[in-house]
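Enquirer: the following comprises the amino acid sequence and a computationally predicted model.
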Amino acid sequence: MRLLVIEDAEDLAHAVRRHFADQGHAVDLAGTAAAARDYLAVTVYDAVLLDLGLPDDSGSHVLQDLRQQTPAPPVLIISARAGLEDKLQHFALGADDYLSKPFDLRELEARLQALLRRHGGLAASVIRLGNFTFDGAAKRASVGPVGLELGRREFRLLEYFVASRNRIVSKDQILERLFSHDEEVGLNAVELYVSRLRRKLEASDFTIRTIRGLGYVAELTPPASP
Ligand code: CA
C-alpha cells in the first residue's frame, strides 16, 4: 500500500515510516500542510495519516481539502487532542478514524488494516487461483503445497497483482505502489521486480503476462489447448 504520513514531529513520523516500510509499503512523509498538498496533487494514496497541529496550517483544513478529492483516500487522524469534541468534529469533517497520541504502532497498524478493509482494499480472505494460493492476512503465498519465498517488496507486488488481476496495470502504476517519492528508481526497477516474481511463479497457474507498450496482466492461466 502507499501511505502518506502528514506529521511534523519528526521522531514519530520516522518511526511510523520505518514500521510500515519494513513491511514493504511505500511511505511518503510530509512535515507541513503545504508539502502534504504537493504530494496529494500528484499521488494516489491508499491511506493518509494526518496530524492536526501542523506548523503552517491546521490538519482540519487538510482534511477538508482531502474530502474534495476523488477518489478520496481514507484518513486516520493522529493527534494529541484526545477530547471527545475534537474527535466528533473530525469525524463530522470526514475522518475515517481517530487515534490519540501517544499510541502504540501495533494499534496504528491494526486500525489502518481495518480501515483499508472497510474501504474495499485488499480483502483479508484467502484467494485461490488454480494451484496458487494467496493469504494477505498471513502474508503468505504458495504454489501447490510449496510456500513462496518472497522479499517484502516482492510480496507487495504480488499482492497488487492479485488485487488487480485480469486488469492491465502499467509500470507507472506499479512504481507508484511500490516506491515512495524519495526512492529514486525508474521503470527498470519495476521490470526487475516483475521478472523476479515471475521466476518464483514459474510453476504457478497464476501468471504475469506482458502487454507490450501497456504493462502487465496477472491472471489465471487458461488450461493449455491440445
Ligand atoms: Ca504536530
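Expert: Noted; the coordinates are in hand. Numbers count the residues shown, from 1 in each chain.
Enquirer: interface residues of this protein facing the ion?
Expert: 8, 51, 53 (CB under 5 Å from the ion). Placement of C-beta: from N, CA and C, glycine included.
Enquirer: hmm, 6 Å instead?
Expert: Residues of the chain found near the ion (CB under 6 Å from the ion) are 8-9, 51, 53-54.
Enquirer: of all the residues you listed, which two lie farthest apart?
Expert: 9 and 54 (10.1 Å; CB to CB).
Enquirer: these two - which one has more neighbours?
Expert: The residue with more neighbours, out of residue 9 and residue 54, is residue 54; 22 against 15, by other CB atoms under 10 Å.
Enquirer: isn't that one right up against residue 33?
Expert: Yes - shown here, residue 54 and residue 33 form a contact pair, counting by CB atoms under 8 Å, at 4.9 Å.
Enquirer: so what sits against both of these two?
Expert: 6, 62 (CB atoms under 8 Å, 6 or more residues apart in numbering).
Enquirer: now the end-to-end length of stretch 175-191.
Expert: End-to-end distance of stretch 175-191 (CA to CA, to the nearest Å): 10 Å.
Enquirer: buried stuff in that stretch?
Expert: 175-181, 189-190 (16 or more other CB atoms under 10 Å).
Enquirer: go on, stretch 79-97?
Expert: 79, 81, 86-87, 90, 93, 95-97.
Enquirer: of all those, which comes closest to the ion?
Expert: Compare each of the buried residues of stretch 79-97 with the ion using CB to the ion and the shortest gap goes to residue 79, at 7.9 Å.
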